[in-house]
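how would this look folded up:
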Amino acid sequence: METLDEILNGFSVMIIQSGGELYLPIQVASEFIQKCYDNNLAISGIDFVHIINNRIMPVSPINSMDASLLLGENRIWRNSILECKNFALSVIQKELERDSEQFCNFVVLSENDLPPIM
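Numbering: from 1, shown residues only. Presented below is the predicted three-dimensional model:
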């Protein structure tokens with residue numbers, strides 16, 4: 001299993017870093033999502049931005065994806081991250097068709113990031 005840092009290292013030539021955040025071109029988003037899934041990591045959110053003259057600007061209209069509800073309590077982790085992956089891939093496909101100049105900022109979680117079930 002690769003860690004998130006190891007996965008990101010594989011995309012290092014494409015990553016744009018600004019203000020402690022990492023942005024990937026939307027063209028490689030599907031590959032990144034699959035790599036996270038293959039390594040037992042969930043994509044729980046995506047923000048879509050444009051990068052113009054080294055400035056991060058939200059797409060217009062503002063668009064993002066939140067799959068955090070798919071990671072609810074009492075769920076089997078692998079099933080939850082499969083749902084997150086499929087949701088994220090469907091959103092990426094629609095966004096690619098709409099605007100292929102976007103960049104993505106991902107929220108990636110491991111099973112250890114979730115609060116314990118009481």
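
so what's residue 100 up against?
Counting by C-beta atoms under 8 Å, 6 or more residues apart in numbering, residue 100 touches 26, 27. Where you see a C-beta, it was placed from the backbone N, CA and C, and this is true even at glycine.

quick check, it in a helix?
No. Counting by DSSP: H, G, I helix; E, B strand; the rest coil, residue 100 is not found in a helix; it is coil.

what's the spacing between it and residue 30?
Separation of residue 100 from residue 30 (C-beta to C-beta, to the nearest Å): 13 Å.

show me where the chain has helices.
Applying DSSP state H to the chain gives helices spanning 4-9, 29-38, 77-98.

residues in contact with the residue most central in space within the chain?
Centrality entry for the chain: nearest residue to the mean C-alpha point is residue 106, 3.2 Å, by C-alpha atoms, centre = their mean. Shown in contact with residue 106 (C-beta under 8 Å, 6+ apart): 22, 24, 32, 33, 36, 43, 45, 46.

chain center to stretch 32-44: distance?
Distance of stretch 32-44 from the chain centroid (C-alpha atoms, centre = their mean, to the nearest Å) equals 8 Å.

Which residues does it contact?
By C-beta under 8 Å, 6+ apart, the list of residues contacting stretch 32-44 reads 1-4, 7, 10-11, 24, 66-68, 70-71, 77-78, 80-82, 84-85, 88-89, 92, 104, 106-111.

Filter those residues down to the buried ones, ChimeraX style.
Buried subset of the contacts of stretch 32-44, written as a ChimeraX selection, criterion 16 or more other C-beta atoms under 10 Å:
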select :7,24,67,70,71,80,81,84,85,88,89,92,104,106,107,108,109
